[in-house]
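Enquirer: Everything below, folded, please.
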Amino acid sequence: MSPGQSEELDMVRRCLNCMKEFQIPQGYEKVRCTCPYCGYMEGTPPKEANHLYPGTLLQNRYQIGVVVGFGGFGITYKAWDWELGIVVAIKEYYPSGVVTREPGNPRVIVYEGSHSEEYQKGLDRFLEEARRTAQFHSSRYIVQVKNFFRENDTAYLVMEYLEGISLKQYLRQVGTLSLKDAIHVTDSVIEALKEMHGAGILHRDIGPGNIFLCGNDVKIIDFGAARLSDAEREVTRSIVLTPGFAPPEQYQTKSKQGPWTDIYALAATMYNMLTGIRPDESSDRMIEDLVEDVSELNPDVPTRISNAVMKGMAINPELRFRKVEDFADAIHEKTVVDSPKREVKKRKRKRILQITAIVAVLAAVLTVAGIFYFREYRKTHLEKASISVWLPYGEGETAEEAEERFRGNITYFTGNYPMVGIDLVMIPETEYKQKITEAAKEDRLPSVYLLDGLGDAGLEYAESLENMYAELSMEDYIYLKAYRNVESGTPKSLPTAVDVPAAYIRRSSEVDPDNVTVSSFEQLSKAPSAGYYISSDNFPMMIASMGGSYGYNGKLVLDTAAENLVAEIAKSEYPAETEEKALEAFRNGEITYYLGGVRDYDKIKSMAGLYQVKGVYIDKYYATPCDRWCMRKGLPEAEKAAAERFLIALLSKDEQVAMYVLSPAGGAGVPLNREALGELTKLDEQLGFLSDYMEHLKVEIKDFDGERESTMSMIGSVIVKKEKTIREWLED
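Expert: A predicted model of the protein is given here:
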């Protein structure tokens, strides 16, 4: 039946499932019939009541048939185009949870409240998708868009109807593809991406679900995540991705994305085709990369092609192919590439050679310099000496592993001062204070040791570092001058990192972290927040940053402002008494804010895509020094000179990058060296806020070690169980 005909006069029907015509026997014009080709019964309602009913007419041209797919943002129907006389696919913008419709009524109804603005933004994005896809109407490798329009208070995208199966469905049936077939599919997608990237557009959701197999032809579909390429700058984008096929930069709302972003997804798809395994999520691979090479899982794949696939899905964007043409050359073995692991090793060796060359040049310049000759000579030419270094290590690491990690972090010092031997002793952190105390009584303290965990007693055995501070250029470091000024009298310790207040904000339909500024506890307990938690380790720093004084002198000592802040926290529905429960609640969306320090980032970054980390913006800020080093009193001259060089080297860019940017241990703190801080914010865009944020912080130096037990008791009694008020607890 065409739009202009009446049902009574029509003796030919078109099935709204298979779209074939069939004859109606005379006398059955008003009877619902069954299609003789596919068995579809006319008048069958849609499986979901909110879908358009088969037979609905759009634009007086397109007759809606059965649903062929639907998701969180839209519904796709099979339809008949009466004007062209062909089958088409029509995608309707229908974001679940935001709209509804009455069964049988095509008009969309938007839920009241904030949903109206959300719906309109999504509708605009949907029409953008239509315009972007329409550019490629003549492409052999991209689904053709034939029309798009608004109707029924929503919008529709008319596309060619593809006969076939998605690569995702096909892989479920067959498991893996032969190398020849996998390369054929990959080549087709590469041709599509050449066209898109040439127009400055990224697809951003390449994967088996969006690759369609039509006989021997391959087409990519679904441009819902597509955006303009911004290879040279960071832009804020919505997070739309397919787990396992999205690179790390797509888990961030603000990141540099370019052709290499689609290359990761395509390489991961090729990995899936050749191994039958979906790669681990890139956010998990950043923590521990357990993805095996293709050739290890499928011996039929040549090493050169395996290397090309692994390079294409390298975690570091700098190690991936920059253009799809380069990826094509590698999988067709026109060029030979290394696996990312071998390339990283090569780059490290090259970097070491470059550093060695630079050091050699600097040493030569210093040697011929006449000004301050003796002082500079002493810096780089030490007498042969040996220094002892004691370090605590935590659970989850053996003494051998901790020693290997630390030695890997001090290659700048060992490379430049080969005449200095280092006797490194690793001590479990639970025994560290006792060992240091015993060594002090027996006059066998090490040359240098960490002050953290020792309290003020650790300073009793320490030498003045005044000369060392005078030698350092304070402009090269964040907070070092402030730390020097705060430490009363002669400085006896040197920090190499700090921890600063940070707010981890859980994404939800109600809370957009991009539009949130954390400034008070009261704010965080109000809707639409689901509540908050404060890390017990950073509770004192957070209270001090919010305006209270929180100290320890045999017991907790709080001023009135601090008492009021704790009382404010106690009003909230506090989610958990332990870190583990709080982190689980944060992961599940049961709390919106996790407040602590940047050192907590290591606990949370495995939840990539679920949160955003930001500074805590208040009138007065505090930071806690980390890794404070001391030098023992009374060292022989040669040992003292070597120990001073060792401590100064810990503030160099290379050692700071190794310890606080690249260290696999993680969670160590924020580097004080400005250049190293710059490397950290470039490597991890989630921490990009630190560059500006830390320039405005004021440093509060306190030893919080004695407060942990009391803090946990106070949190449990006053905030979680609400057994007592803060005043009652302090009096007890």
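Enquirer: ok now do Val87, which residues does it touch?
Expert: Contacts for Val87 (C-beta atoms under 8 Å, 6 or more residues apart in numbering) come out as Met19, Lys78, Ala79, Trp80, Asp81, Tyr161. C-beta here means a position set from N, CA and C on the backbone, and glycine is covered the same way.
Enquirer: one more time with 10 Å
Expert: Cys18, Met19, Lys20, Gly65, Lys78, Ala79, Trp80, Asp81, Glu160, Tyr161, Leu162, Glu163 (C-beta atoms under 10 Å, 6 or more residues apart in numbering).
Enquirer: tell me the mean pLDDT for the strand or helix carrying it?
Expert: Assessed by DSSP states H and E, Val87 sits inside strand 86-93. Averaged across strand 86-93, the pLDDT comes to 95.
Enquirer: And for stretch 636-656?
Expert: Per-residue pLDDT values over stretch 636-656 give a mean of 93.
Enquirer: before we move on, what about stretch 112-125?
Expert: For stretch 112-125, the mean pLDDT works out to 80.
Enquirer: separation between Pro625 and Val557?
Expert: 20 Å (C-beta to C-beta, to the nearest Å).
Enquirer: between the two, which one's more packed in?
Expert: It is Pro625, of Pro625 and Val557, that has more neighbours when counted by other C-beta atoms under 10 Å, with 27 against 13.
Enquirer: on that earlier part again, mind putting the contacts of Val87 in JSON lines, pLDDT and secondary structure included?
Expert: Formatted as JSON lines, these follow (pLDDT from 0 to 100; DSSP: H, G, I helix; E, B strand; the rest coil):
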{"residue": "Cys18", "pLDDT": "96", "secondary structure": "coil"}
{"residue": "Met19", "pLDDT": "96", "secondary structure": "coil"}
{"residue": "Lys20", "pLDDT": "95", "secondary structure": "coil"}
{"residue": "Gly65", "pLDDT": "97", "secondary structure": "strand"}
{"residue": "Lys78", "pLDDT": "97", "secondary structure": "strand"}
{"residue": "Ala79", "pLDDT": "97", "secondary structure": "strand"}
{"residue": "Trp80", "pLDDT": "97", "secondary structure": "strand"}
{"residue": "Asp81", "pLDDT": "97", "secondary structure": "strand"}
{"residue": "Glu160", "pLDDT": "93", "secondary structure": "strand"}
{"residue": "Tyr161", "pLDDT": "94", "secondary structure": "coil"}
{"residue": "Leu162", "pLDDT": "92", "secondary structure": "coil"}
{"residue": "Glu163", "pLDDT": "90", "secondary structure": "coil"}
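Enquirer: quick one: which of those is nearest Ile478?
Expert: Checking those against Ile478 by C-beta to C-beta gives Leu162 as the nearest, at 56.2 Å.
Enquirer: you'd agree that closest one is up against Asn210?
Expert: No. Counting by C-beta atoms under 10 Å, Leu162 stays clear of Asn210, with 11.8 Å between them.
Enquirer: Could you report the neighbour count for the nearest residue to Glu471 once chain neighbours are set aside?
Expert: Once flanking residues are discounted, Glu471 sits nearest to Ile648: 7.1 Å by C-beta to C-beta, 6 or more residues apart in numbering. By other C-beta under 10 Å, the residues close to Ile648 number 17.
Enquirer: returning to what we had before: can I get the buried ones among the contacts of Val87 as something I can paste into PyMOL?
Expert: The following PyMOL line selects those of those that are buried, judged by 16 or more other C-beta atoms under 10 Å:
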select buried, resi 18+19+65+78+79+80+81+160+161+162
